[in-house]
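>>> coords please:
(one chain, ligands or ions: 2)
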Amino acid sequence: MADYFDSNGTPTYRDSPAPTYQEVIASDPVAAPARLRQTHPAHIEIPRVPRERYTSQDFFDREKERMWSRTWQVACRVEEVGEVGDCVLYDSPGAALIIMRSAPDVIKAFYNGCLHRGMKLCASDTSLNRIRCPYHGMTWNLDGSLQNLPARWDFDPVADSELALPEARVGIWGGFVFVNRDPDAPSLEEYLGPLIDEFADWSRDDVYLATRVTKVLNANWKCCMEAFIEAFHVAELHSQALPFGGDASTQYDVWGENGNVSRFCEPTGIPSDQYPTPITEAEIWKATFGAVTGDTNNVPPLPEGKTARGFLADMNRTELGRIFGEDFSHLTDAEACDPIQYSVFPNFILFKGLPYPFAYRFVPVGDSPDHTRFDFMIFRPKPKDGSDFPYVDQIDLGPNDTYADSGAFQPWHGLIYDQDCQNLGLQQEGLKAGGVKNVMFSRYQEVRLRFLHQTLMTYLEMKPMN
Ligand code: FES
Ligand SMILES: [Fe+2]
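Ligands and ions are numbered 1, 2, ... in the order given. A predicted model of the protein is given here:
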């Protein structure tokens, strides 16, 4: 393993004239936090995987039986079940769960099917004072204990304890409610491992879910995850970011063999190594400002001695400080302008960094290898005085609705997601085109994809859970 890396942790086969992320942040005026100055490189020998992993119903069913049944997944935010009785539904392959605040400090996850004849107990996110089946009226208390079995005389004798609603495990971290259906799975803390330390200085407890934008994408869930954990595609698919997107300078980190957590650090204000000509800092700044504001005519001049990246960081600290009513002057340039992005196997992505108060979740729809719901979560700081914050603003985009016009994003930012999501539908079609059996992954820029498949296969080699 060590042979693949130089003394800075950069793979020896990385042969790009673009600076590494570590070189970029070493040139920033203030040293980035220690966690960003570390590398966690990996070389993973998975150069190719079969295309049928993305398209086959059999493969999907194996994932359902062996992987989705055993992994910790984000079901909702704690603030979505803020009051006793509040409940939110979370469906993932093989199970449908009701996430319920059953007591002030207890959140439970009940299977959303009646113990009598299987009726769906709860049809939508709501607030309840008991769980009552709409078919024959079997009823449970909010803690899942049986309240009433109508015409009990008509059933074979059965103890109340056998009629409690079955539960999945619940774990809470960073304001996210995670669920896991496997009684033998590691604890959430063990599963998240390095993520907990990595976010020790960037709490997600002090924010609330302000907006959730959902859209069904016509692609396999892994295509969706993979599209957002590499920066390789930026140069081609988001070519507007070629002068400043830092694609080839992005650092990819992976924790542990067959682990669950990986990261990239993508430096903003650094041109792609695919950018065709030498470019000055003033030109990089012009392209950056134009892309993030949509205004190419009124670009403020780059101050003498400032880099484009440094000036963007200044702008973000000031502007976002004004919008959020907070003082961000202590944040380093890396924290103020770079997408620092973590993924948790199988389907969760969480950002660190000032301009990206985001998380993504990808959930297969209707047991289909071809359809995935993309839940885009946007956070805002909780009011400092402890006052109430508004309930999540839910925006459901239809097939022809765009992120750019959704109202949740600035148009330049929405455009990026429109490019990604349109692309994914076409990728899913191309995966079925025939001609070759496999997709292939690059070694450096797509190491997180290799990692995802490595972890996935450890689950698929297990026996089905039930
Ligand atoms: S199916 Fe629920 S009470 Fe009959
Ligand atoms: Fe993208």
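
>>> what residue ranges in the stretch 351-466 of the chain are flagged as low confidence?
For the stretch 351-466 of the chain, the stretches flagged by pLDDT under 70 are 466.

>>> quick one: the strands in it?
Along the stretch 351-466 of the chain, counting by DSSP state E, counting those that start in this stretch, strands occupy 358-364, 372-381, 393-397, 438-440.

>>> the shortest one - contacts with which helices or strands?
Right, strand 438-440. Judged by 3 or more Cβ pairs under 8 Å, 6 or more residues apart in numbering; DSSP states H and E, strand 438-440 is in contact with strand 48-50. In this view, the C-beta of every residue, glycine as well, is placed from N, C-alpha and C.

>>> picking that back up, what's the most buried one of the strands of the stretch 351-466 of the chain?
strand 358-364 (a mean of 22; mean count of other Cβ atoms under 10 Å).

>>> elements contacting it?
Counting by 3+ Cβ pairs under 8 Å, 6+ apart, strand 358-364 packs on strand 73-77, strand 86-92, helix 221-228, strand 348-352, strand 372-381.

>>> of all those, which one is nearest ligand 1?
If you check each of the helices and strands packed on strand 358-364 against ligand 1 by Cβ to the nearest ligand atom, strand 86-92 wins as the nearest, at 17.0 Å.

>>> returning to what we had before: kindly reformat the helices and strands packed on strand 358-364 as JSON lines containing distance to residue 389.
What follows is the helices and strands packed on strand 358-364, written out as JSON lines (distance: least, Cβ to Cβ, whole Å):
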{"stretch": "strand 73-77", "distance to residue 389": "11"}
{"stretch": "strand 86-92", "distance to residue 389": "15"}
{"stretch": "helix 221-228", "distance to residue 389": "27"}
{"stretch": "strand 348-352", "distance to residue 389": "20"}
{"stretch": "strand 372-381", "distance to residue 389": "7"}
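
>>> on that earlier part again, for the strands of the stretch 351-466 of the chain, which one sits closest to residue 40?
Nearest to residue 40, of all the strands of the stretch 351-466 of the chain, is strand 358-364, at 20.8 Å by Cβ to Cβ.

>>> mind listing residues that contact that closest one?
With Cβ atoms under 8 Å, 6 or more residues apart in numbering as the test, strand 358-364 has contacts from 60, 73-74, 91-93, 176, 204, 220-221, 224-225, 228, 347-351, 371-379.

>>> can you redo the strands of the stretch 351-466 of the chain as a markdown table with distance to residue 254?
Putting these into a markdown table (distance: least, Cβ to Cβ, whole Å) gives the following:
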| stretch | distance to residue 254 |
| --- | --- |
| strand 358-364 | 19 |
| strand 372-381 | 23 |
| strand 393-397 | 32 |
| strand 438-440 | 19 |
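
>>> may I see the buried residues of the lowest-mean-pLDDT helix or strand in the chain?
In the chain, the helix or strand scored least confidently by mean pLDDT, DSSP states H and E is helix 281-293, which has a mean of 92. Judged by neighbour count using 16 or more other Cβ atoms under 10 Å, the buried positions of helix 281-293 are 281, 283-293.

>>> ditto for stretch 181-200
So, applying 16+ other Cβ under 10 Å, buried residues of stretch 181-200: 181, 185, 188, 191-195, 198-199.

>>> in contact with residue 187, which residues?
When contacts are counted by Cβ under 8 Å, 6+ apart, residue 187 touches residue 171.

>>> where does pLDDT dip in this protein?
Where the chain drops to pLDDT under 70, the residues are 1-2, 466.

>>> now the longest helix belonging to it against strand 358-364, angle please.
Scanning the chain for the longest helix, with DSSP state H as the assignment, gives helix 411-430. On the basis of axes from the mean of the first three to the mean of the last three Cα atoms, to 10 degrees, helix 411-430 is oriented at 20 degrees to strand 358-364.

>>> helices or strands up against helix 411-430?
strand 207-217, helix 221-228, helix 234-237, helix 281-293.

>>> quick one, which of the ones you listed gets closest to ligand 1.
That would be strand 207-217 among the helices and strands packed on helix 411-430, by Cβ to the nearest ligand atom, at 29.1 Å.

>>> strand partners (parallel or antiparallel) of that closest one?
Sheet pairing of strand 207-217 (DSSP bridges) gives strand 372-381 (antiparallel), strand 393-397 (parallel).

>>> is the residue in the chain sticking out farthest from the centre in a helix, a strand, or coil?
Ranked by distance from the centre of the chain (Cα atoms, centre = their mean), the top residue is residue 153, with 49.4 Å. The three-state assignment at residue 153 reads helix, by DSSP: H, G, I helix; E, B strand; the rest coil.

>>> show me which residues of the stretch 51-200 of the chain sit near ligand 1.
Counting by Cβ under 6 Å from any ligand atom, the residues of the stretch 51-200 of the chain lying close to ligand 1 are 114, 116-117, 119, 133, 135-138.

>>> among these, the buried ones, what's the PyMOL command?
Per 16+ other Cβ under 10 Å, the buried members of these correspond to this PyMOL selection:
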select buried, resi 114+133+138
